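In: Attaching a predicted model along with its sequence, questions to come.
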Amino acid sequence: MEDLTGKQFGQYQIVGPLGEGGMAAVYKAYQPVMERFVAVKVLPRQMSTSDEFLTRFRREAKLLAQLQHPHILPVFDYGEVEGYPYIVMPFISSGTLTELLKKGRLPFSEVRRIMTQLGDALGYAHARGMIHRDIKPSNVLIDERGNCLLTDFGLARMAEASTKLTTSGAVMGTPAYMSPEQGAGSIVDRRSDIYSLGIILYEMVTSRVPYVAETPIAVVFKHIQDPLPSARKFNPDLPEAIELVLLKALAKSPEDRLQTAEDFVHAIQLAIPERDTVGKTPILSNIATQPISDLPTFLPESITSTHESARMIAREPKPRAIPFWMLIGIVAIGLAGIAIFSVMNRSNTLSIPPANTTIPPINTASVISPTALTTSTPLPTSAPPTEISSGESFKDDFIGQLAEGWTWLEEDPSKWSLSAVDGSLQILASDASFDGPYTPLNILLREAPTGNFEITTSVQFTPTSDFQFAGLVVLQDPKNVLQFGHAFCDVVNACVGDGIYFDDFENGSVSGTNYAAPFHGKLIYLRLKRQGNTYTAYYSEDGENWIKLGEHSRDFSQVRVGLVADQASTGIPAVFDYFTMNALSP
């Protein structure tokens, strides 16, 4: 491709080249109207001679512009100039994952962080019907804070529309990171991206890719035919748990792999705990002794339609199998005596009953004093037995319409729905916060009993960046609030990333003592109890075994209680399955 330095691409003045790959060249450009530098990816002129390509290019560019995720490089603009199709993106000067990998094997903590970010980005895109097809380190930018930005979504599929690039025997992608089915020219789905992500994981922990040959086509055949070389051969210190993840992610058959990006993230977070002492953790030793067949397996599912997003946010049925990593995590905590027996007994049923109006009592015996900003998984705890009074008792299953007695605070009807997910209330998180100048939109509230009470809900929510939150709320006024739920926060020494948070807002400011515990699932059960002036928060992954998170003491007068989704710059959905409120005996 000719050097385009100095040319004008619409409102973008090309400053100089940044790099060139097999399908495009990237230039640094200046956008005067915004007074900023941008990156302009320019595709070969010959591609625009194909009407099919131009149609697909415009469609794919529009879809890419709709991807709004903290770890996907956004698309600002697109167009065509003098026969050159181009896409405009933010200018990132820090470098790529390729350059980072040249420095050698990464610490396990970095492997965990990078794989979590990339897996979360892929899960977001897959839910919207977008398959990357060319996952590789050079397509992962690293920003100035060390965070990953996945780029070039859809570029391989755009190129497939050009007849000049799809001649007989041509396969789009990068051989070193290509799945067997992609190398064979078969139809690919999200599991092909998971395979490529597994190759990056292999490279991160061994400093090399698994298959090397003299020609690209020979590498492709190795992916299809050759057994996976043991990663521990190249890194003897690699924990077995990580190698098990590699074996599952890099299975030849898509049906034998981890089936979703979320499954990949769960597996890697289980294999690499947040502590640096990876090889010594009890959780690691437990998973490492499991046979490969015991790792999570799922039914194959292809993504072939842009309607995938509607299916992916559909409510999970309440009776479902307990995830493998949940059982391992519980066992790994090292519970003794009755707690271990409880876990073993529960594993025989492998199902979670539907939520009942009467919430099961907290069923373990020990009580742990609350600790601010808990960073390790708390043990199941108990509270005084819940005795529901003969007075007020309420439940809303969100079927058809809201029950009587609800009121919306700052309602935006376009941001909530009872039909987007059948039998559930969906609220799109607003970008306001209780410690900001504006009150969050769509807080669903009702009057609470005057004495002791308990409220519960279950919520499906996948926060990915500061400070997205969804859960229960106790509100005296918009400046004096308790909120308890699933959120994301990566403020150093103040947060635990993806987790369960119990926050106290007093006179419009966050109080100095709040509580948090790591949590990396999607569905969580929440339970908040008031006794006198003490509000105690519990959470559960199955609706049966409850973990005490912490307590706040607030001298509220009359309060309202309900549900909120807030602190998100993008409208990510929070799906609430039910809400209960019970007056408690003194």
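Out: That came in fine, so what should we check first?

In: what residue ranges in this protein score low on pLDDT?
Out: Residue ranges of the chain with pLDDT under 70: 1, 21-22, 48-50, 154-172, 274-391, 492-494, 512-513, 569-570.

In: ok, longest strand in it?
Out: Taking DSSP state E as the assignment, the strand of the chain that covers the most residues is strand 573-584.

In: With just CA atoms, put that one into CSV.
Out: What follows is strand 573-584 as a C-alpha-only set of coordinates in CSV (Å, rounded to 0.1, in the frame of the first residue of the first chain):
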residue,chain,number,x,y,z
PRO,A,573,-28.9,-4.4,32.1
ALA,A,574,-29.6,-5.6,35.7
VAL,A,575,-32.2,-8.4,35.7
PHE,A,576,-34.1,-8.8,39.0
ASP,A,577,-36.0,-12.1,39.4
TYR,A,578,-38.1,-11.2,42.4
PHE,A,579,-38.3,-8.9,45.5
THR,A,580,-39.5,-9.8,49.0
MET,A,581,-40.1,-7.7,52.1
ASN,A,582,-41.1,-9.1,55.5
ALA,A,583,-41.7,-7.4,58.8
LEU,A,584,-39.7,-9.2,61.6
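
In: mind listing what it pairs with, with the direction of each?
Out: Paired strands of strand 573-584, with direction, are strand 388-396 (antiparallel), strand 425-428 (antiparallel), strand 453-460 (antiparallel) (DSSP bridges).

In: looking at those strands, which is closest to Asp263?
Out: Put simply, out of the strands paired with strand 573-584 the one that sits nearest Asp263 is strand 453-460, at 16.1 Å, with distance taken as C-beta to C-beta. C-beta: built from backbone N, CA, C; applies to glycine.

In: got the contact list for that closest one?
Out: Under the contact criterion C-beta atoms under 8 Å, 6 or more residues apart in numbering, strand 453-460 has outside partners 313, 315-316, 355, 359, 386, 388, 392, 448, 470-472, 474, 485-486, 522-530, 543, 561, 563, 574-584.

In: Which positions within the longest helix along the chain qualify as buried?
Out: As far as residue count goes, and with DSSP state H defining each element, the longest helix of the chain is helix 108-126. Neighbour-count burial for helix 108-126, with 16 or more other C-beta atoms under 10 Å as criterion, is recorded at 108, 111-126.

In: Stretch 517-536 now?
Out: Of the residues in stretch 517-536, those buried by neighbour count under the rule 16+ other C-beta under 10 Å are 517-521, 523-531, 535-536.

In: from those, which is closest to Ile142?
Out: Of all the buried residues of stretch 517-536, the one with the least separation from Ile142 (C-beta to C-beta) is His520, at 22.6 Å.

In: Could you tell me the phi and psi values at the closest one?
Out: Summarising the backbone geometry of His520 under the convention degrees, to the nearest 10, its torsions are phi -120, psi 20.

In: for it, what are its contacts?
Out: With contacts taken as C-beta under 8 Å, 6+ apart, His520 has the following neighbours: 265-266, 269, 498.

In: what about dumping the CA coordinates of stretch 472-492 to PDB?
Out: Extracted as PDB, the C-alpha positions of stretch 472-492 are listed here (Å, rounded to 0.1, in the frame of the first residue of the first chain):
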ATOM      1  CA  LEU A 472     -30.900  -3.600  47.000                       C
ATOM      2  CA  VAL A 473     -31.300   0.000  48.400                       C
ATOM      3  CA  VAL A 474     -32.500   1.400  51.700                       C
ATOM      4  CA  LEU A 475     -33.200   5.100  51.200                       C
ATOM      5  CA  GLN A 476     -34.200   7.800  53.700                       C
ATOM      6  CA  ASP A 477     -33.500  10.500  51.200                       C
ATOM      7  CA  PRO A 478     -31.200  10.700  48.000                       C
ATOM      8  CA  LYS A 479     -28.200  11.700  50.200                       C
ATOM      9  CA  ASN A 480     -28.700   9.100  53.000                       C
ATOM     10  CA  VAL A 481     -28.700   5.700  51.500                       C
ATOM     11  CA  LEU A 482     -27.500   2.100  52.000                       C
ATOM     12  CA  GLN A 483     -26.900   0.100  48.800                       C
ATOM     13  CA  PHE A 484     -26.000  -3.600  48.700                       C
ATOM     14  CA  GLY A 485     -25.300  -5.500  45.600                       C
ATOM     15  CA  HIS A 486     -23.000  -6.600  42.700                       C
ATOM     16  CA  ALA A 487     -20.600  -4.000  41.400                       C
ATOM     17  CA  PHE A 488     -17.200  -3.400  39.900                       C
ATOM     18  CA  CYS A 489     -14.500  -1.100  41.400                       C
ATOM     19  CA  ASP A 490     -10.700  -1.300  40.900                       C
ATOM     20  CA  VAL A 491      -9.700   1.600  43.100                       C
ATOM     21  CA  VAL A 492      -6.400   0.500  44.800                       C
END
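
In: Fine, thanks again, bye for now.
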